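1. Below are the sequence and a predicted model for it; my questions follow.
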Amino acid sequence: MYQENIVLCGASAYEKKFYLNDNFEGLPDQIKDELKIMCVLFTEDVGGVLTLEFDDDGNLNLSVSADENDVLFDEIGSALKIKQLRNQKRDLFEALETYYKVFFLGEDFEE
C-alpha cells in the first residue's frame, strides 16, 4: 500500500517562508530551530524550494525543486549542498528518522 510522503518541514526562496508540519510540533524547540535555520540558509544559498519528507519506511529525504523559469536556481550547488547537509547533519537526520518510526509508524525503539 503506497502512501504519500509526509512532509516534516520546508522552505521556499520564492515566498521567503519556512513551514513546519503541525504534526511535529512536539519536537524540541532546539531541533525545530535547527531545521528552520538549515532550510532557510539552503534556499537563500541556492534558491528553489527545499522539503524534508519521510517516505513509507520512515527514511528522511531531502527534496529540492525550482520554478521552470528560475534562471538563478543553482542546480549543481543544490546537489552539492544536499550532500554536505547529509554529512554534517547525519546525527540529526538519524534521530528524526527514529522519532518518526517510533511515534508515527509505531515501531519499537532499538538502540
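-> Perfect, thanks for sending it.
2. Flag every buried residue along the top helix by length along the chain.
-> With residue count as the measure and DSSP state H as the assignment, the chain has helix 29-46 as its longest helix. By 16 or more other C-beta atoms under 10 Å, the buried positions in helix 29-46 come out as 32, 35, 38-40, 42-43, 46. Placement of C-beta: from N, CA and C, glycine included.
3. can you list those in TSV and add distance to Leu52 and pLDDT?
-> As requested, the buried residues of helix 29-46 are arranged in TSV below (distance: C-beta to C-beta, whole Å; pLDDT from 0 to 100):
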residue	distance to Leu52	pLDDT
Lys32	12	97
Leu35	7	98
Met38	9	98
Cys39	7	97
Val40	13	97
Phe42	10	96
Thr43	12	95
Val46	15	94
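4. so which of those residues comes closest to Lys89?
-> Set against Lys89, the nearest of these by C-beta to C-beta is Met38 (6.8 Å).
5. The most centrally placed residue in the chain in helix, strand or coil?
-> The centroid of the chain falls nearest to Leu52 when counting by C-alpha atoms, centre = their mean (2.1 Å). Look at Leu52: counting by DSSP: H, G, I helix; E, B strand; the rest coil, its state is strand.
6. beta partners for it?
-> Cys9, Leu62 (DSSP bridges).
7. Where does pLDDT dip in the protein?
-> Scanning the chain for pLDDT under 70 picks out 1-3, 110-111.
8. where do the strands sit along this structure?
-> Here the chain has its strands, by DSSP state E, at 6-12, 17-20, 49-54, 60-65.
9. May I have the first one as PDB, with CA atoms only?
-> Provided in PDB are the C-alpha atoms of strand 6-12 (Å, rounded to 0.1, in the frame of the first residue of the first chain):
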ATOM      1  CA  ILE A   6       4.900  13.000   5.000                       C
ATOM      2  CA  VAL A   7       6.500  16.500   4.900                       C
ATOM      3  CA  LEU A   8       8.400  17.300   8.000                       C
ATOM      4  CA  CYS A   9       9.300  20.900   7.000                       C
ATOM      5  CA  GLY A  10      10.400  23.000   4.100                       C
ATOM      6  CA  ALA A  11      11.500  26.500   3.000                       C
ATOM      7  CA  SER A  12      10.900  28.500  -0.200                       C
END
